[in-house]
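Have a look; sequence and predicted model below, questions after that.
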Amino acid sequence: MRTLRPYQEQAVDGIFRAWEENDSTLLVMATGTGKTEVFSEIIKRSHPKRAMVLAHRNELIWQAVKRIEGLGLDCSVEMADLQADTNCWNQTPVVVSTIQTQCAGNNGNGRMAYFKPEDFGLVIVDEAHHATSPTWRKALNYYRQNKELKILGVTATPDRADEEALGQVFQSVAFDYEILDAIQDGYLVPIDQQMVFIEHLDFSQIRTTCGDLNGADLAAVMEAEKNLHGIVSASVEIIKERSAVVFAVTVKQAELMAEIFNRHRPGMASWLCGKTPKDQRKSILQGFDSGDIQVVVNVGVLTEGWDSPTCEVIIQARPTKSRCLYSQMVGRATRPLPGIVDGLSSSDERCEAIAISSKPSMLVVDFVGNAGKHKLMTTADILGGQVSDQAIERAKAMCDGKPLRMDQALATAERDIQKEIEEKKRREAARKAKIVGRASFSSKYINPFAAFDLEPSRARGWDSGKVISEKQRALMLKNGINPDEMPYGQARQVLNEMFRRWKGKLATIKQCNLLKKHGYETKDMSMADATKLIDVLAKNNWHRPDAPGFGVGVNPFQ
């Protein structure tokens, strides 16, 4: 029997809560954290409602079918020559289809016209960052003719520029679990970043097309012989015996890179692209998993629907301005080795298990030169979803050619920036001879971020113009929190933490706030323990006892 991880359970709960108020919601979960597991569970719990799963690649279709059928639900596939039975007597609980198939045909609505919208209670949009396109909107609008329909979009970390557009397709964000969350919880391995300067690498004259580097211009740069040799030579020196996946721009670049790798060490590399025969692709990837092939160079094949926990290094020979694409490429190597974290109950245990394994981290190698006006993605951008843009830029600047643990660099940068802000406030206070620092929360209300030990999340584009419901607002006010003093995303962050605590029977916000004032740490304290500790304080006239035992006082739990 499959058991969901705690954050996956939180995601499932959050989705059903979001549907209480909205018809559509978005699930944001990093590559490698089990988006398919979550939406498969949603389908199972929604049964007997019939579900339609939409994706844009064959690999995603068969991945979804495998997971869903593993839960005991029959699937049929609507794709190319495969057709799902539309007869009401033979309908399977789940139909899995490509968006291309849904819209294919000359009958106006394509093959989706074979299906009745009222037959489906649920539509899942896999890789939902694509859902802003006209094709996807056409399909969603067709099924939305059923007024009872619920829609769930699932995606890994999207581009910040995409967030507002996603907010126009999905009414809410049910759960946001990004790559840094998973690393800190011990479900993904830490990421090291190494920047390598290549003398003749010049991106400054490359045009921007559809928000990313122009393909033809980029190909000319990356296929240049001096750049190819510089990238491969540096890669061979860096990876040593570690397994690596290389992302290339063109087939020509991939083929040439594999050839140069093999000049350094015969048989170390193979390459593949979308036209590589399936049997050959399978053989290459099996060789990579077994260690017979050390390096696989690919062109747009391994960005989605494939992973290999044995992969230790990602070589970015395909620079990009797309945060989403970059995170997909990096995500191919973020999984820990099989069995390392299974069965461990705490984040500390999982992080320790990863640290002492033969894959304690993964490495991302980026090649830099003259970027001109282009802002190329790095690991700082995909790990910095909850930190300021200033901290991201400062962390990037820390890279000096040697591997850098990027999550630590971001934390250091953010901490330094906050210290600078506080110092600036102190200087301003001294200059005016009075306290003029702007308070985030008035004394009448509880500061939930201080009480819960939370870092306030940054504003997300999909939350633009949104407000929490009156029911949610009343709930926050009842618990001593003023929702009017924070943006929508932060209000949802606090609400999610409140629900997590209630479900886990942890200390309430009022208990946390009271105990914090007396110097106690309450992050994962149970409600029962918080109650006992408050009783001790009350009996001691609201002073911490001096006797040794609990912290600096008496242990009330004995």
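The structure has been received and is ready for your questions. Numbers count the residues shown, from 1 in each chain.

Are we agreed that Val154 is in a strand?
Yes - per DSSP: H, G, I helix; E, B strand; the rest coil, Val154 lies within a strand segment.

Give the bridge partners for it, please.
Note on Val154: beta-bridge partners Leu27, Asp126, judged by DSSP bridges.

Quick check: which ranges of this structure have low pLDDT?
Where the chain drops to pLDDT under 70, the residues are 1, 86-90, 106-108, 159-161, 385-386, 431-443, 546-558.

can you list the domains in it?
6-177, 191-412, 448-539 (automatic domain parsing).

Please convert those domains to CSV, extending it with distance to Lys419 and mean neighbour count.
Just so you know, the C-beta spots here come from the backbone N, C-alpha and C atoms, and that holds for glycine as well. Formatted as CSV, the domains of the chain follow (distance: least, CB to CB, whole Å; neighbours: other CB atoms under 10 Å):
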stretch, distance to Lys419, mean neighbour count
domain 6-177, 26, 19
domain 191-412, 11, 18
domain 448-539, 15, 17
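
Could you export these as TSV, including distance to Lys425?
As requested, the domains of the chain are exported to TSV (distance: least, CB to CB, whole Å):
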stretch	distance to Lys425
domain 6-177	28
domain 191-412	16
domain 448-539	17
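
Can you tell me how far Thr209 is from Gln418?
Thr209 is 38 Å from Gln418, where distance means CB to CB, to the nearest Å.

Checking Ala395 next. Helix, strand or coil?
Using three-state DSSP, the structure places Ala395 in helix.

helices and strands around the strand or helix carrying Gln511, which ones?
If you go by DSSP states H and E, Gln511 is part of helix 509-517. When contacts are defined as 3 or more CB pairs under 8 Å, 6 or more residues apart in numbering; DSSP states H and E, helix 509-517 sits against helix 448-452, helix 527-539.

between the longest one and helix 509-517, how big is the angle?
For helix 527-539 against helix 509-517, the angle between stretch directions is 50 degrees (axes from the mean of the first three to the mean of the last three CA atoms, to 10 degrees).

Remind me what helix 527-539 packs against, helices and strands.
Under the contact criterion of 3+ CB pairs under 8 Å, 6+ apart, helix 527-539 touches helix 509-517.

Residues contacting the helix it packs on, please?
The contact list for helix 509-517, computed with CB atoms under 8 Å, 6 or more residues apart in numbering, reads 446-448, 450-452, 479-481, 498, 501, 507, 522, 525, 527, 530-531, 533-534, 537.

before we move on, what about stretch 302-312?
Here stretch 302-312 makes contact (CB under 8 Å, 6+ apart) with 31-32, 57-60, 63, 127, 239, 242-245, 247, 285, 288-289, 291, 296, 325, 328-329, 331-333, 335-338, 359, 362-363.

Quick one: mark the members of the residues you listed that sit in helices.
Using DSSP state H, the members of the contacts of stretch 302-312 that fall in helices are Asn58, Glu59, Leu60, Gln63, Ile239, Leu285, Phe288, Asp289, Leu325, Gln328, Met329.

Give me the spatial nearest neighbour of the fifth one, chain neighbours excluded.
Right, the one you point to is Ile239. Leaving aside its sequence neighbours, Ile239 sits nearest to Val313 (CB to CB, 6 or more residues apart in numbering; 5.0 Å).

you'd agree Val365 is in a helix?
No - Val365 is assigned strand when assessed by three-state DSSP, not a helix.

List the beta-bridge partners for it.
In beta-bridge terms (that is, DSSP bridges), Val365 pairs with Gln194, Ile315.

do you know which of the domains of the chain lies nearest Glu428?
Closest approach to Glu428 among the domains of the chain is made by domain 191-412 (18.9 Å; CB to CB).

how far is that closest one from where the chain is centred?
On the basis of CA atoms, centre = their mean, to the nearest Å, domain 191-412 sits 17 Å off its chain's mean C-alpha point.

Now do the end-to-end distance for it.
End-to-end span of domain 191-412 (CA to CA, to the nearest Å): 15 Å.

going forward can the numbers begin at 533, since that is how I track them
With 533 as the first residue, the last one maps to domain 723-944.

ok so, going back, taking the ones in helices among the contacts of stretch 834-844, tell me the two that lie furthest apart.
Maximum pairwise distance among these (CB to CB): 30.2 Å, between Asn590 and Ile771.

Thanks a lot, catch you later.
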